[in-house]
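Chemist: Pasted the sequence and its predicted model underneath.
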Amino acid sequence: MKHVKQILVTLAFFGLSMSVMAQHPGLGGGNGASGTPYLIDNAAHLKELADYVNGGGGDDTPGKYYKLTADIDLGVAPYNTGAGWNPIGDYSTSSTATAFQGNFDGNGKVVKNLTINRPTKDYVGLFGYIDAGTIKRLGIENCNIVGYSYAGCLAGYNKAPTTMCYTTGQITGNRSYTGGLIGYNFAAPITNCYSTANVSGNFTGNL
């Protein structure tokens, strides 16, 4: 009887664990495979991805594919009020669990009017912390960003190969590693990208 009780308790524990585990949001369609990527066609879908990664789903994103299917304007409430946009991948756990690690295809689309007002927060940008994967074919126009360290229009901290991306706007870092495209790039190739953003900070990066 004792063993039966232990089995029931174990099953109950695992059942509870499974019930509280968040599933990847469906976004605008797709299943995350390379041929059928998750589709993102509005600001709400982009926020769903940010909430999932920042809530601990980052380790579920390696090998997943994401694709923008429309231009997105973040210059509307609630994305431009208060602290503004909450970056995708905030690294709040100091682990990959809260870092983006997927493959993001901007599909030649543009994210407009990205607004972030987080002067005491590290890792700010459309993406806060990218630990793996790829980023490509994405434009970010008219960003207005204030952060602390590791601040960039596209990404605050980046480890992913990035190609055919550009940014425009204004970005301010209150401490260190601030860049128009990426605040701090860690040994990842950057090709066919540029930024015309105005950058200010105590120590700026070179991207």
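Modeler: In hand now; what should we look at?

Chemist: Validate this expectation: residue 54 resides in a helix.
Modeler: Yes. Using DSSP: H, G, I helix; E, B strand; the rest coil, the assignment for residue 54 is a helix.

Chemist: Neighbours of it, how many?
Modeler: Residue 54 has 23 neighbours, counted by other Cβ atoms under 10 Å. Bear in mind the C-beta positions are built from the backbone N, C-alpha and C, glycine included.

Chemist: What of residue 140?
Modeler: Neighbour count of residue 140, defined by other Cβ under 10 Å: 29.

Chemist: Is it bridged to anything, and to what?
Modeler: Residue 140 has the following beta-bridge partners by DSSP bridges: residue 111, residue 167.

Chemist: so it sits right up against residue 110, yeah?
Modeler: Yes. Using Cβ atoms under 8 Å, residue 140 makes contact with residue 110 at a distance of 7.2 Å.

Chemist: Confirm that residue 49 sits in a helix.
Modeler: Yes. Residue 49 forms part of a helix when assessed by three-state DSSP.

Chemist: Quick check: closest non-adjacent residue to it.
Modeler: residue 88 (5.9 Å; Cβ to Cβ, 6 or more residues apart in numbering).

Chemist: so the one you found makes contact with residue 124?
Modeler: No. The criterion here is Cβ under 8 Å, and residue 88 misses it with residue 124 at 10.8 Å.
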